[in-house]
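Undergrad: take this sequence and fold it.
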Amino acid sequence: MIDRNSCGYIPRNKYTEKGKRNERARRIEWEHMIPAENFGRQFSCWRDGATQCVDSKGKEFKGRKCCEKVDKQYKIMQADMHNLYPAIGELNADRSNFRFDFEAPIKGQYGECRFEVDFKAERAKVREEIRGTIVRTYLYFNKQYNMKLSSQELQKFEAWDKTYPSDEWERARNKRIEKIQGNSNLYIK
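TA: Residues are numbered from 1 along each chain as shown. Next up is the predicted model:
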């Protein structure tokens, strides 16, 4: 459960569209920093899995459901702990597969929580303190899995990596993941 008093989080929606209590606003979930769709699109099972994936009724499917079933490399990427972070469920849902926008978020959408989702532009704005963590995750995926980044993204991310260096928590987390998963994020120094 979330201690809202500790962070000033106020749900954007207390209730779902069906009138039920918004349970995702009450829990912590493990979020992919890089959404599964963003790295999944490089796999044929994601794009055109219908040739590989058919359910018991003969219906073809693709995307996450197909890749989880047929592609070992996708499953490794999806489960990589360097890309998994705790997040408030509502924020995780609202962010969806949107890319991060590094403009400063406006307080108010989620109370005092410095996070903002621009649904129209399909972007999520985050507080400055976590920008380095975000870019090191993208740089790691680029190096570890050859995930495509544009030259513009790569240049921007490398600059932000220097501007927002890793902190003690990020380094400790990296060491813990290395013990469990067997590899570290080399961008965390």
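
Undergrad: CA only for contacts and neighbour counts going forward, please
TA: Noted.

Undergrad: pLDDT wise, what is residue 92 at?
TA: Residue 92 is assigned 95 on the pLDDT scale.

Undergrad: element containing it, please.
TA: Following DSSP states H and E, one finds residue 92 within helix 89-95.

Undergrad: so for that helix, what gets flagged as buried?
TA: 89, 90, 91, 92, 94, 95 (16 or more other C-alpha atoms under 10 Å).

Undergrad: send me that helix as CSV with only the CA atoms.
TA: What follows is helix 89-95, C-alpha atoms only, in CSV (Å, rounded to 0.1, in the frame of the first residue of the first chain):
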residue,chain,number,x,y,z
GLY,A,89,0.0,1.7,-10.2
GLU,A,90,-2.0,4.7,-11.4
LEU,A,91,1.1,6.4,-12.7
ASN,A,92,2.3,3.2,-14.4
ALA,A,93,-1.1,2.9,-16.1
ASP,A,94,-1.3,6.5,-17.1
ARG,A,95,2.2,6.5,-18.5
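
Undergrad: which elements pack onto the helix or strand just after it?
TA: For helix 89-95, the following helix or strand on the C-terminal side (DSSP H and E) is strand 99-101. Helices and strands touching strand 99-101, by 3 or more C-alpha pairs under 8 Å, 6 or more residues apart in numbering; DSSP states H and E, are strand 123-126.

Undergrad: tell me how far the next helix-or-strand element following the strand it packs on lies from the chain's centre.
TA: Downstream of strand 123-126, the first helix or strand assigned by DSSP H and E is helix 131-145. Helix 131-145 sits 11 Å away from the centroid of its parent chain (C-alpha atoms, centre = their mean, to the nearest Å).

Undergrad: cool, and stretch 35-54?
TA: Computed by C-alpha atoms, centre = their mean, the chain-centroid distance of stretch 35-54 equals 18 Å.
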